[in-house]
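Make a model of this:
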Amino acid sequence: MKVNKIMIVKSLLSLVITLGLMTSCGKGKDTKNTSSATGWKINDKKGGFQYASNFKKQATAPGLVMVEGGTFTMGKVQDDVMHDWNNSPTQQHVQSFYMDETEVTNLMYFEYLEWLKRVFPPEQENYRNIYDGALPDTLVWRNRLGYNETMTNNYLRHPAYAKYPVVGVNWIQAVEFSKWRTDRVNEKTLEDARYLKKDAKVTDTKAESTFSTETYLAAPTKTFGGNEEIVLKRGMVKSAKDSVNVYARRSSGLILPEYRLPTESEWEYAAAADVGQREYNIYKGQKKYPWSGSYTRSGKRQVKGDQLANFKQGKGDYGGLAGWSDDGADITQFVKSYAPNDFGLYDMAGNVAEWVADVYRPMVDDEANDFNYFRGNVYMKNKIGDDGKVEIVTAETQTFDTLSNGKIIARTFPGEIARVPVDEKETYLRQNFDKSDNRNYRDGDKQSTRYFDFGSEDDDAKTKDKHAMYDSPKHNVTTDSLGNMVRKYDRSSKRTTLVNDDVRVYKGGSWRDRAYWLDPAQRRYFPQDMATDYIGFRCAMSRVGPKADKKKRPRN
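Numbers count the residues shown, from 1 in each chain. Here you go, the predicted model:
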């Protein structure tokens, strides 16, 4: 009996020791930094790959607010008294994204201009067109029978208009501003995380040493123009001994997606803000305006009768009677002058209309796609040189466009990665796309015309022009070697439309528009290289990760 008791006690002690060891091992195990697929360590300095295991959620970039995605009715649900028939209702779904709280202001755009002037001095011949090409057209304020020279001379730069939305900016300039903003924000993010030297962005920045987000991600050693001396001086501050951690990567979770123009569906979804509707009805629940109700005046007791947006009240009435103004403005108004919508976005109706990313077409093809709808995809890829490495744009290789008014505008900048259209290597046997330029897909390309079986790619220009879906005028404006404009206008009397691949949608009413245009479903178009005194823009950014920052739902 004594022997059995001793054996039982030994067995119990052995079990306790084993359980204790298992418990202690369990406590010390770092599950976040261990691969659940292989058991190998992640973020191990001795050879493990680097990954942001502790990543929680995307940071909200400067100026943006979160817009939770969902389904909505895109287009007008009320009768269209103008019979435009270009915004028939369709049900669409939009992913979550971020959007500028306000329109881009004069101060924000002025910061961009000053940066360009400092980095690309316009007095240098090879940089002259960079700064000049980014300048807004202040002459848009002029009127043959009106005195508006005050705005022409002061609106962009005078501090009295600092918080007013920038105008006179064409679609191309808005896109270039968004690219610049992306690089500056990510540059500061990397500085704060000590992947770049603090305040390097504002000291000794030269054209050949500017920071490009895509260059940093694709070829970090070629950042700042690939100059090793500049890279060491301005660049990496992480320990050189720990070479794995010298550069941030996309897997680091620090680099934000690009700022860009919102798509038409994103803009309309954000403006309508149906999230504030208590009664959910997909087709009848859409609001006529970004606020609830069918009127432009407030019904709240304290501000009853006040206008809810900046728009034209009637003929010769841009703001109301002096002393008791209907909307508090005659031209544009400083941002945040009126209450935000249910997403927290200001001036989604009135003040200025806004550029969106889409190429205009009279129909929204929901049969082809009802998820993140967008017309305007032109797929590009990094240009690879003969040495097998990406090519970086230099001052000698940067490209410029000549606009219809003869203005020369930069489309690539030194330090960026050169881009080229995708080719058959990317499109072969793909089901989802078969070419680089998809602006005409199902609406303007050969397959969508009744002349589908005509000719070949070798047809002459006259044959192609004859059978084009949109026979808009084909003007040709260039500059000669002396900088003089060479204009060749299309004077054909057989043109039937102004719609082509270079006209872009703009949304929302402006200070020049009647209340009819305040409906988020309204859509108009304008040439992408022209500007007005009533079209501005705001930026958007895609959201990565979950649709919303909600806690996990309890399981049943």
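
now the helices: where do they sit in the chain?
Using DSSP state H, the helices found in the chain span residues 2-28, 106-119, 128-134, 149-154, 171-192, 213-218, 228-234, 264-272, 424-427, 461-466.

quick one, what contacts the closest residue to residue 313 other than its chain neighbours?
In space, and not counting its chain neighbours, residue 313 is closest to residue 326: 5.5 Å by C-beta to C-beta, 6 or more residues apart in numbering. Backbone N, C-alpha and C define where each C-beta goes, glycine included. When contacts are counted by C-beta atoms under 8 Å, 6 or more residues apart in numbering, residue 326 touches 306, 307, 313, 317, 319, 320.

again, only using 10 Å
The contact partners of residue 326, by C-beta atoms under 10 Å, 6 or more residues apart in numbering, come to 296-297, 305-307, 310-311, 313-314, 317-320.

With residue 549 instead?
Contacts for residue 549 (C-beta under 10 Å, 6+ apart) come out as 56, 57, 58, 66, 68, 96.

and what of residue 216?
Per C-beta under 10 Å, 6+ apart, neighbours of residue 216: 183, 186-187, 190, 195-196, 222-224, 235, 247-249, 255, 415, 417.

switch the cut-off to 8 Å
Residues near residue 216 by C-beta under 8 Å, 6+ apart: 186, 190, 223, 247, 248, 255.

With residue 58 as the reference, measure out to the fourth one.
Residue 247 is 20 Å from residue 58, where distance means C-beta to C-beta, to the nearest Å.

just the third one next, same as before
Going from residue 223 to residue 58 by C-beta to C-beta gives 23 Å.

repeat for the second one
Here residue 190 is placed at a distance of 16 Å from residue 58 (C-beta to C-beta).

Settle it for me: which of the two has more neighbours?
Remark: of residue 190 and residue 58, residue 190 carries more neighbours, 26 against 19, as counted by other C-beta atoms under 10 Å.

count of neighbours near the closest residue to that one other than its chain neighbours?
Of all residues beyond its chain neighbours, the one nearest residue 190 is residue 196 (4.5 Å), with distances taken as C-beta to C-beta, 6+ apart. Neighbour count of residue 196, defined by other C-beta under 10 Å: 25.

correct me, but residue 196 touches residue 187?
Yes: between residue 196 and residue 187 there is a contact under C-beta atoms under 8 Å: 6.7 Å.

burial measure for the closest residue in space to residue 148 that isn't next to it in sequence, as a count.
Nearest residue to residue 148, sequence neighbours excluded (C-beta to C-beta, 6+ apart): residue 141, at 4.4 Å. By other C-beta under 10 Å, the residues close to residue 141 number 21.

dump the residue contacts of residue 141.
148, 149, 151, 152, 155, 168, 533.

And the last one, how far from residue 499?
It refers to residue 533. 23 Å.

Flag the shaky bits of the stretch 51-200 of the chain, pLDDT-wise.
In the predicted model of the stretch 51-200 of the chain, residues 199-200 satisfy pLDDT under 70.

I should have written the stretch 201-350 of the chain there, sorry.
201-205, 226-245, 278-286, 325.

What are the boundaries of the strands in it?
Listed in chain order, the strands of the stretch 201-350 of the chain (DSSP state E, counting those that start in this stretch) span 320-321, 324-325.

The longest strand along the chain vs helix 264-272, what angle?
Among the segments of the chain that qualify as a strand by DSSP state E, the longest is strand 353-359. Here the directions of strand 353-359 and helix 264-272 differ by 150 degrees (axes from the mean of the first three to the mean of the last three C-alpha atoms, to 10 degrees).

Could you give the separation of strand 353-359 from the chain centroid?
Taking C-alpha atoms, centre = their mean, to the nearest Å, the mean C-alpha location of strand 353-359 is offset from the chain mean by 10 Å.

Tell me which other helices or strands it touches.
helix 264-272, strand 503-507, strand 535-536 (3 or more C-beta pairs under 8 Å, 6 or more residues apart in numbering; DSSP states H and E).

could these go into CSV alongside mean neighbour count and distance to residue 484?
Listed next are the helices and strands packed on strand 353-359 as CSV, based on neighbours: other C-beta atoms under 10 Å; distance: least, C-beta to C-beta, whole Å:
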stretch, mean neighbour count, distance to residue 484
helix 264-272, 27, 38
strand 503-507, 25, 27
strand 535-536, 30, 29
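
I'd like these as a markdown table, with distance to residue 473 appended.
Shown next, in a markdown table, are the helices and strands packed on strand 353-359 (distance: least, C-beta to C-beta, whole Å):
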| stretch | distance to residue 473 |
| --- | --- |
| helix 264-272 | 24 |
| strand 503-507 | 12 |
| strand 535-536 | 21 |
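
For the stretch 351-500 of the chain, which segments count as strands?
353-359, 380-382, 400-402, 408-410, 419-421, 476-479, 485-488.

where among these is the average confidence lowest?
The stretch with the lowest mean pLDDT among the strands of the stretch 351-500 of the chain is strand 476-479, at a mean of 80.

State the paired neighbours of it in the sheet, together with their directions.
Here strand 476-479 has these sheet partners by DSSP bridges: strand 485-488 (antiparallel).

Contacts for the strand it pairs with, please.
406, 475, 476, 477, 478, 479, 480.

Next, count neighbours for the fourth one.
Residue crowding around residue 477 was assessed by other C-beta under 10 Å; the count is 16.

So it versus residue 57, what's the distance?
In terms of C-beta to C-beta, residue 477 sits 47 Å off from residue 57.

Kindly report the same for the third one.
According to C-beta to C-beta, residue 476 stands 49 Å off from residue 57.

and if you look at the fifth one?
Here residue 478 is placed at a distance of 49 Å from residue 57 (C-beta to C-beta).

now swap in the last one and tell me
To residue 57, residue 480 is 54 Å away according to C-beta to C-beta.

Show me which of these two is the more surrounded one.
When residue 480 and residue 57 are compared for neighbours, residue 57 comes out ahead with 11 against 8, by other C-beta under 10 Å.

so what's the more buried one up against?
By C-beta under 8 Å, 6+ apart, the residues touching residue 57 are 545, 546, 549.

Can you tell me which of those residues is closest to residue 336?
residue 549 (24.4 Å; C-beta to C-beta).

mind checking how far the closest one is from residue 543?
From residue 549 to residue 543 the distance is 10 Å (C-beta to C-beta).

Just give me the residues shared between the contact sets of those two.
Common neighbours of residue 549 and residue 543 (C-beta under 8 Å, 6+ apart) are residue 66.

Please work out which of the strands of the stretch 351-500 of the chain is packed deepest.
strand 353-359 (a mean of 26; mean count of other C-beta atoms under 10 Å).

That one pairs with which strands, and in what direction?
Assessed with DSSP bridges, strand 353-359 is paired to strand 503-507 (antiparallel), strand 535-536 (parallel).

where does the stretch 401-550 of the chain dip in pLDDT?
446-447, 449-468.

hmm, try it at 80
Applying pLDDT under 80 to the stretch 401-550 of the chain picks out residues 444-469, 478-485, 550.

Farthest-apart pair in the contacts of strand 485-488, please.
475 and 480 (16.6 Å).

any idea how far residue 334 is from residue 163?
For residue 334, the distance to residue 163 - C-beta to C-beta - is 4 Å.

Which of the two has more residues huddled nearby?
residue 334 (19 against 16).

who touches the residue nearest the centre of the chain in this structure?
Centroid check for the chain by C-alpha atoms, centre = their mean gives residue 260 as the closest residue, at 1.3 Å. Residue 260 sits next to 175, 178, 357, 539, 540, 541, 542 when contact means C-beta under 8 Å, 6+ apart.
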